[in-house]
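# let's see this in three dimensions:
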Amino acid sequence: MTLWFTADHHFGHANIIRFCHRPFADVAEMDEAMIERWNAVVEDRDEVWHLGDFAYRCGPNRQAEIFGRLHGRAIHLVRGNHDRGRTLALPWASVQHYAEIDANGRLLVLFHYALRGWRGSRRGSLALHGHSHGALPNLPATCDVGVDVWNFRPVSLPEILRKIESASPPS
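Prediction:
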């Protein structure tokens, strides 16, 4: 089982293509590409943490159809600013505003928004977030897991660690 992290798909949101300079002709192409890229890395036995903004201006039937096509045995939602009734009604493994999880002995703090301080921030924990669509520089021990940063697909913890370590100044 692999643990995956992602955020900010904005399924159904046509204007996000322009706002974030996404390389898609229209929302149908964007949605299909993101489903394909998700399923290319996530297997049915894997666990995914979605850090918010799953869909926007996307009808309930379309959201359910998209969600049903995504691989993963457990898909959790850490709510973003666009996650409301229709999105919250999907069959998530869990829904919360904030989460702390243990991943192989490392504390991961999961929130939709970037944090400047968090529990264990000076003791090896990491803060993962979305919301900024790659517009904010990562601080030490933080990582934007949004699709705009990771080629429109979920990212694994080893990939996150490599990115954080490559951005850290030598000690």
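# what about the strands in the protein?
3-6, 47-50, 74-78, 94-96, 98-103, 106-111, 126-129, 142-144, 155-156 (DSSP state E).
# got a list of contacts for the last one?
Strand 155-156 has contacts (C-beta atoms under 8 Å, 6 or more residues apart in numbering) with 2-6, 41, 145. Where C-beta positions appear, they are placed from N, C-alpha and C, glycine not excepted.
# give the ChimeraX command for selecting the buried subset of these.
To isolate the buried members of the contacts of strand 155-156 in ChimeraX, using 16 or more other C-beta atoms under 10 Å:
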select :3,4,5,6,41,145
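# and which of the contacts of strand 155-156 is nearest Arg106?
Leu3 (10.8 Å; C-beta to C-beta).
# tell me the contacts of the closest one?
By C-beta under 8 Å, 6+ apart, the residues touching Leu3 are 46-47, 49, 103, 156-157.
# could you rerun that using 7 Å?
47, 103, 156-157 (C-beta atoms under 7 Å, 6 or more residues apart in numbering).
# show me what it is bridged to.
Glu47 (DSSP bridges).
# from Pro158, how far off is it?
Separation of Leu3 from Pro158 (C-beta to C-beta, to the nearest Å) stands at 10 Å.
# where in this protein is the helix or strand with the lowest mean pLDDT?
Ranked by mean pLDDT, DSSP states H and E, the weakest helix or strand in the chain is helix 157-167, scoring a mean of 91.
# tell me the buried residues in that one?
For helix 157-167, the neighbour count (16+ other C-beta under 10 Å) marks 157, 159-160, 163-164 as buried.
# tell me the confidence at the nearest residue to Ala55 once chain neighbours are set aside?
Using C-beta to C-beta, 6 or more residues apart in numbering and skipping residues adjacent in sequence, the residue nearest Ala55 is Phe11, 4.0 Å away. Looking at Phe11, its pLDDT is 98.
# gap between Phe11 and Gly80?
Going from Phe11 to Gly80 by C-beta to C-beta gives 12 Å.
# ditto for Arg18
For Arg18, the distance to Gly80 (C-beta to C-beta) stands at 19 Å.
# repeat for Asn138
18 Å.
# that's all I had, so thanks and see you.
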